[in-house]
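In: Need a 3D model of the sequence below.
(one chain, ligands or ions: 4)
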Amino acid sequence: AKRSGKARYEMGDDSLAALAIRQIEIYDGLHRALERHELRLVYQPILDLSEDRVTGVEALLRWDHPERGVVGPAEFIDVAESRELIVPIGRWVLHEAVRQATLWFSEFGADAPRMWVNISDRQVGRHDLAGLVRGALDDTGLPVELLGLELTERQVVRTGHSVRSDLAAIRGLGVGLAIDDFGTGRTGIDYLRELPVSHLKIDRTFVSGLGQDRTNTALTDAIITLGRGLGLTVTAEGVETSDQLGRLRQAGCHRVQGYLLGRPQPPSAVAATFGAGFGA
Ligand code: C2E
Ligand code: CA
Ligand code: CA
Ligand code: CA
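Out: Ligands and ions are numbered 1, 2, ... in the order given. Next up, the predicted model:
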């Protein structure tokens, strides 16, 4: 028993070491990815159900790795966040997304979508995110109503005063503020009283259980009712089937996002959806 215990330990040790090496590799590569222009953004359409048109897009980060091909954020965001690399990367993401939004605004005018950008809590508070956002808007002339930031519920909940005042300043500019992955924070929702939130995004895990199990269906309905009651715009993410879409519409959800309506795509492909109805 002792020997097998040792073997298990060594195996565990081995995979831990492999994991550490892999993280260092990711970190080193990511460190140079910005300079080498290996990062890019793809955009997923957000459909407004009452208008039946795309009124927003979410910017999602991709890394064109020279050897490994396209690497998704699930593989590198945690490493970037643990080492503060997320700060320069996040700055690049904001500038690139605002640049693209401005191009679309000049091309599509009233049909231009609002650009939603994912923000890490590491970027908020200490680094004057509000100043960065104001600068990006001033430099480009992008109307404030064409920009929104998404922060996950987990991140918002563990924030302190400086983060709250930074977020209040951002919201004060007129930029949208969405709570992402709503319902997954394992926490009270009293922060909704203190934070100047404008949008809620229902996490995909609730949406995927819609109509399949009672708990997820009831929770999704309750979140939509809560959001509407607070005067927030509610977006469901991860919508993959027309059955889910029908249920969300019936429950009063304002907006939907997911593979059913469009995958994250390069700029020119997503632009083809602007102004067009989905009949959804
Ligand atoms: P998220 O913000 O919750 O983004 C939604 C994720 O769900 C995206 O994964 C998207 O591609 C995926 N998705 C969209 N529709 C569907 C669907 O119908 N079915 C399924 N199965 N998945 C769907 P992605 O692009 O891999 O991004 C993962 C996470 O990485 C994001 O989750 C976000 O938390 C983070 N992330 C992405 N880009 C950035 C960024 O620029 N900055 C920061 N800080 N985080 C980012
Ligand atoms: Ca998001
Ligand atoms: Ca989300
Ligand atoms: Ca998520």
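In: Phi and psi next, for the residue of the stretch 1-150 of the chain found nearest ligand 2.
Out: Closest approach of the stretch 1-150 of the chain to ligand 2 (Cβ to the ion) occurs at residue 150, with a separation of 4.1 Å. C-betas here are computed from N, CA, C, even on glycine. In terms of degrees, to the nearest 10, the main-chain angles of residue 150 are phi -120, psi 130.
In: Run through the residues that contact it.
Out: The neighbourhood of residue 150, defined by Cβ atoms under 8 Å, 6 or more residues apart in numbering, consists of 58, 116, 117, 118, 119, 178, 179, 180, 201.
In: Might one say that residue 260 is in contact with residue 238?
Out: No. Counting by Cβ atoms under 8 Å, residue 260 does not reach residue 238; the two are 9.4 Å apart.
In: Leaving out the residues flanking it, which one is nearest to residue 196?
Out: residue 171 (3.7 Å; Cβ to Cβ, 6 or more residues apart in numbering).
In: any idea how far that neighbour is from residue 88?
Out: When Cβ to Cβ, to the nearest Å is applied, the distance between residue 171 and residue 88 equals 24 Å.
In: who's more crowded, the two?
Out: Per other Cβ atoms under 10 Å, whichever of residue 171 and residue 88 has more neighbours is residue 171, with 17 against 13.
In: per-residue pLDDT, the more buried one?
Out: At residue 171 the predicted local distance difference test score is 94.
In: helices or strands up against the helix or strand harbouring it?
Out: Here residue 171 is covered by helix 161-173, with elements defined by DSSP states H and E. Counting contacts by 3 or more Cβ pairs under 8 Å, 6 or more residues apart in numbering; DSSP states H and E, the secondary-structure elements packed against helix 161-173 are helix 129-140, strand 176-182.
In: Now the residue nearest the centre of the chain. Its backbone dihedrals?
Out: The centroid of the chain falls nearest to residue 118 when counting by Cα atoms, centre = their mean (4.0 Å). With angles defined as degrees, to the nearest 10, residue 118 sits at phi -80, psi 130.
In: With residue 62 instead?
Out: For residue 62, the backbone dihedrals are phi -130, psi 150 (criterion: degrees, to the nearest 10).
In: contacting residues for it?
Out: 39, 40, 41, 42, 70, 71, 72, 73.
In: For ligand 3, state which of those residues is nearest.
Out: The closest of those, once distances to ligand 3 are taken by Cβ to the ion, is residue 73, at 11.4 Å.
In: Quick one: the contacts of residue 62 as CSV, columns for secondary structure, pLDDT and neighbour count too.
Out: As requested, those are arranged in CSV below (DSSP: H, G, I helix; E, B strand; the rest coil; pLDDT from 0 to 100; neighbours: other Cβ atoms under 10 Å):
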residue, secondary structure, pLDDT, neighbour count
39, strand, 97, 18
40, strand, 98, 14
41, strand, 98, 21
42, strand, 98, 19
70, strand, 95, 10
71, strand, 93, 19
72, coil, 95, 13
73, helix, 96, 13
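In: Looking at those residues, which is nearest residue 277?
Out: Compare each of the contacts of residue 62 with residue 277 using Cβ to Cβ and the shortest gap goes to residue 42, at 22.9 Å.
In: what sits against that closest one?
Out: Applying Cβ under 8 Å, 6+ apart, we find residue 42 in contact with 59, 60, 62, 264, 265, 266, 270.
In: right, and the pair among these with maximum separation?
Out: Pairwise distances across those (Cβ to Cβ) peak at 13.5 Å, for the pair 62 and 270.
In: on that earlier part again, sort out which of the contacts of residue 42 are buried, if you could.
Out: Among those, those classed as buried by 16 or more other Cβ atoms under 10 Å are 59, 60, 62, 264, 265, 270.
In: In the stretch 51-200 of the chain, where is pLDDT below threshold?
Out: Low-confidence regions of the stretch 51-200 of the chain, defined by pLDDT under 70, span residues 158-159.
In: is ligand 1 contacted by stretch 72-83?
Out: Yes. Under the criterion of Cβ under 6 Å from any ligand atom, stretch 72-83 makes contact with ligand 1 via 72, 73, 74, 77.
In: and those as JSON lines, adding distance to residue 20?
Out: Conversion of the residues of stretch 72-83 next to ligand 1 to JSON lines gives the following (distance: Cβ to Cβ, whole Å):
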{"residue": "72", "distance to residue 20": "21"}
{"residue": "73", "distance to residue 20": "20"}
{"residue": "74", "distance to residue 20": "18"}
{"residue": "77", "distance to residue 20": "18"}
